[in-house]
Structures are given as C-alpha cells and as structure tokens.
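Peer 1: can you look at this prediction? I've put the sequence above it.
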Amino acid sequence: MKIRESIESDFKEILNIQIQAFGKKEGHEVAGLVDGLFKDSTAMPLLSLIAVSKNQTIGHILFTQSKVVGSIKPVSSVILAPLAVIPSRQRQSVGSQLIEQGLKQLSESGIELVFVLGHPEYYPRHGFKAAGALGFEAPYPIPEKHAGAWMVKALVVGSIESAGNGRVLCAAAMDKPEYWRE
C-alpha cells in the first residue's frame, strides 16, 4: 500500500470512497462535505491523502484549516474530517496509516493541534485526548454523552497548555450543526 497526496484526477474516486465507507445515505452527505471542503477557501490549506493498493484507491483522509479563538496564545490547528476506508479494507490498518502519515506531514509543516470528532475508542490509539476536558469547545455543542468524541492531539509539545482553551472554528463548508453530531 502506498499513501500519497491526492491530485485533482483522484477526486471522483475520493467521493466514491466516502459513499462506500459510510453507506449510501450518510456516504452521500459525507461526499457532499468533502466536495464542499475542496471548494472552500476557508478550509485552505488542506491536506488530502489517499491510500492506494494494487492501483485501487482504498482510503482517504482530509485535514482542513481551523482556528482556535479565545486562546491564551495563538496556535495553528486543523480538523481531521473525514477519514474513510472502503469496507473490504477496513480493520487492516489503512485508516491508522493514513492518520499517522497525515500527522507526520502536518507536524513537519508546523501545525500544532489536530482536532477530530470521531470514535472515542479509535482515535486515542493515535494520541488524541478529550478536547472538551482540556478546554476546547467544538464549533457546535457536543452532547455530554458524546463529549469524549470531541478530541485533540498536540503535534508540538506544550501547545495544548500554551493555547489554554478556546472555541474551535472550522471551515465554512463544515460549519453546519449536522456535521457536529456523533
């Protein structure tokens, strides 16, 4: 398997991965979000990676620009959303490898914090911690029973502490309450 940055000719396959991974109804919604983020100037710069195996695109991850307002010190941040792997390749570390490669590239580019709203048992394996408990509010309120799904990972030691807290603002295409339910 090879992981690389996506190019324009990968776009149709990226949308197809979302539909396969999330199912027809939710998959079309997620594909619409991805389409919107690729066209949204407030999401830039973005990092879009695909996993390819035997000339087949099997996974995709997208990181988009975010901003923490009200923090003690300005901090550079992104939001990971979405991560998708075709069903036949799930549970084979494709998603983990996409996350790790993305975090490596983001760290090398100087990004300090990565936020995600996702499965609270999956993302902590990659060093993510409950963001609300650390003082970071999601763009929309997360119900208490799902508070653990809103997470953050520091790519620079001390960046969570130096930011202190704040409300995370996302790209305009993602700034809709329906994207902030877990």
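Peer 2: Perfect, thanks for sending it.
Peer 1: starting at the chain centroid, how far to stretch 21-33?
Peer 2: 15 Å (Cα atoms, centre = their mean, to the nearest Å).
Peer 1: cool, and stretch 79-99?
Peer 2: For stretch 79-99, the distance to the chain centre is 11 Å (Cα atoms, centre = their mean).
Peer 1: name the surrounding residues that touch that stretch.
Peer 2: 1, 3, 17-18, 20-22, 30, 33-34, 49, 51, 53, 58-64, 66, 102, 114-118, 122-123, 125-126, 168, 170-171, 174, 179 (Cβ atoms under 8 Å, 6 or more residues apart in numbering). The way it works is simple: take the backbone N, C-alpha and C, and place the C-beta from them, glycine included.
Peer 1: report pLDDT for Met160.
Peer 2: No, residue 160 isn't Met; it's Ile. pLDDT recorded at Ile160 is 95.
Peer 1: repeat that for the one 4 residues further on.
Peer 2: Gly164 carries a pLDDT score of 87 in this model.
Peer 1: and it, what does it touch?
Peer 2: 71-73, 135.
Peer 1: kindly report the same for Gln65.
Peer 2: So Gln65 contacts 42-46, 78, 171 (Cβ under 8 Å, 6+ apart).
Peer 1: so which of those comes closest to Ala147?
Peer 2: Nearest to Ala147 among the contacts of Gln65: Val78, at 21.0 Å, using Cβ to Cβ.
Peer 1: A helix includes that closest one, no?
Peer 2: No: under DSSP: H, G, I helix; E, B strand; the rest coil, Val78 sits outside any helix and is assigned strand.
Peer 1: ok, and for the helix or strand containing Gln65, which residues are buried?
Peer 2: Per DSSP states H and E: Gln65 is located in strand 56-69. Burial within strand 56-69, assessed by neighbour count using 16 or more other Cβ atoms under 10 Å, is assigned to 57-68.
Peer 1: relative to that strand, what are the paired strands and their orientations?
Peer 2: With DSSP bridges as the test, strand 56-69 is paired with strand 47-53 (antiparallel), strand 76-85 (antiparallel), strand 166-169 (antiparallel).
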